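A.B. asks: Coordinates for the following, if possible.
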Amino acid sequence: MTEGRVESASPPPMQGDAGRDGEPRPRRGARTGAVDRMVQIFDHLQETGRPATGYEIARAIGAPVSTVYALTEELVEKRLLDRTAGGALWLGSRLFHYGLAYARDLDLLTVATHEMHELCRKVGETVQICGRDGDDMVVLAMAEGPGHFQITSRVGTRVPLNWTASGRLLVGHLPPAERTALFRRARPSPTGRAETRADVLSDAAAATLAEGLSIQCGESDFAVACIAAPILDAGGACRATISIVVPEGKALSARADYVAAVQASARRIADTLGW
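C.D. replies: Here you go, the predicted model:
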């Protein structure tokens, strides 16, 4: 792979059009470098959470199949991608080592992960640390409770902000106009219970952050509740959240205990970091 390589200097068709070979093409006048394509490939695999063939990746990111095949071969050689037994592509072992090195320097995640395990031990439920990436909430760390209750989200899971208790907290410190603009892209949840009105979500985000607590029941998954508290920096911005994930019934019956525990954990993380 040569950094900065472009795919074609000639004007390609509009995005979504196909060439004679049926391959998708980027929008007119666009040049996409090798590094950009590499990031698109990694993003696609991370977002879908499953291996994919080179052809599937090319179709998903709107790149020429020949370009994706050539680039992925080089990424496999460098262990940035791996091939499954069936020949599909997945994130490579080298990325894991980069991630470990990055995580070692994240004081917030280090401190929050320690507190997450303490809270999990105390309440006996699944606990998550979540952050924001654009329009999504991302699970940064998770400690599973000892019970039989299982949830579908794992580390790296991305969920629209409007579906989650943490999502509202993570944008509660933003200016009203920015919050409203962000929530105009809100999407309906699988349960149909997540709020999608931008003005309502914007007001709720500010209110939950001011209260230091956000609770959602059944908005992203049926019968699943989340009780979240914000981890605030010195300027009052929500840098991450810590949340307890429980069956909806338990959230109602033991709400006060869960609220007190998760808010105390959020304060301890911020205090430890000097915020």
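A.B. asks: show me the residues around residue 156 that make contact.
C.D. replies: With contact taken as Cβ atoms under 8 Å, 6 or more residues apart in numbering, residue 156 is in contact with 46, 49, 138, 139. For glycine as for every other residue, the C-beta is placed from the backbone atoms N, C-alpha and C.
A.B. asks: let me redo that: residue 240
C.D. replies: Going by Cβ under 8 Å, 6+ apart, residue 240 touches 108, 109, 112, 129, 130, 131, 140, 170, 230, 231.
A.B. asks: Let's have the contacts of residue 156 in TSV, adding pLDDT.
C.D. replies: As requested, the contacts of residue 156 are exported to TSV (pLDDT from 0 to 100):
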residue	pLDDT
46	88
49	89
138	93
139	94
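A.B. asks: Weed out the non-buried ones from the residues you listed.
C.D. replies: 138, 139 (16 or more other Cβ atoms under 10 Å).
A.B. asks: now, which of the contacts of residue 156 sits nearest residue 176?
C.D. replies: residue 138 (23.9 Å; Cβ to Cβ).
A.B. asks: how near is that closest one to residue 56?
C.D. replies: 23 Å (Cβ to Cβ, to the nearest Å).
A.B. asks: circling back to that earlier point, among the contacts of residue 156, which lie within helices?
C.D. replies: residue 46 (DSSP state H).
A.B. asks: Low-confidence regions, the chain specifically.
C.D. replies: 1-32, 103-106, 147-153 (pLDDT under 70).
A.B. asks: per-domain residue ranges of it.
C.D. replies: The chain breaks down into these structural domains: 1-101, 106-272 (assignment by automatic domain parsing).
A.B. asks: Would you tell me which one of the ones you listed is buried the most?
C.D. replies: domain 106-272 (a mean of 19; mean count of other Cβ atoms under 10 Å).
A.B. asks: Give me the phi and psi for residue 128.
C.D. replies: phi -130, psi 150 (degrees, to the nearest 10).
A.B. asks: Then residue 236?
C.D. replies: Dihedral angles of residue 236 (phi, psi; degrees, to the nearest 10) stand at phi 90, psi 10.
A.B. asks: which residues touch it?
C.D. replies: residue 173.
A.B. asks: Make 514 the first number, not 1, from now on.
C.D. replies: Taking 514 as the first residue, the last one we looked at is residue 749.
A.B. asks: Next, the contact list for the nearest residue to residue 736 once chain neighbours are set aside, please.
C.D. replies: The spatially closest residue to residue 736, leaving aside those adjacent along the chain, is residue 761, at 4.9 Å (Cβ to Cβ, 6 or more residues apart in numbering). Contact analysis of residue 761 by Cβ under 8 Å, 6+ apart lists 730, 731, 736, 737, 738.
A.B. asks: Adding secondary structure and distance to residue 609, write those out as CSV.
C.D. replies: Output for these, formatted as CSV (DSSP: H, G, I helix; E, B strand; the rest coil; distance: Cβ to Cβ, whole Å):
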residue, secondary structure, distance to residue 609
730, strand, 35
731, coil, 34
736, coil, 34
737, strand, 29
738, strand, 32
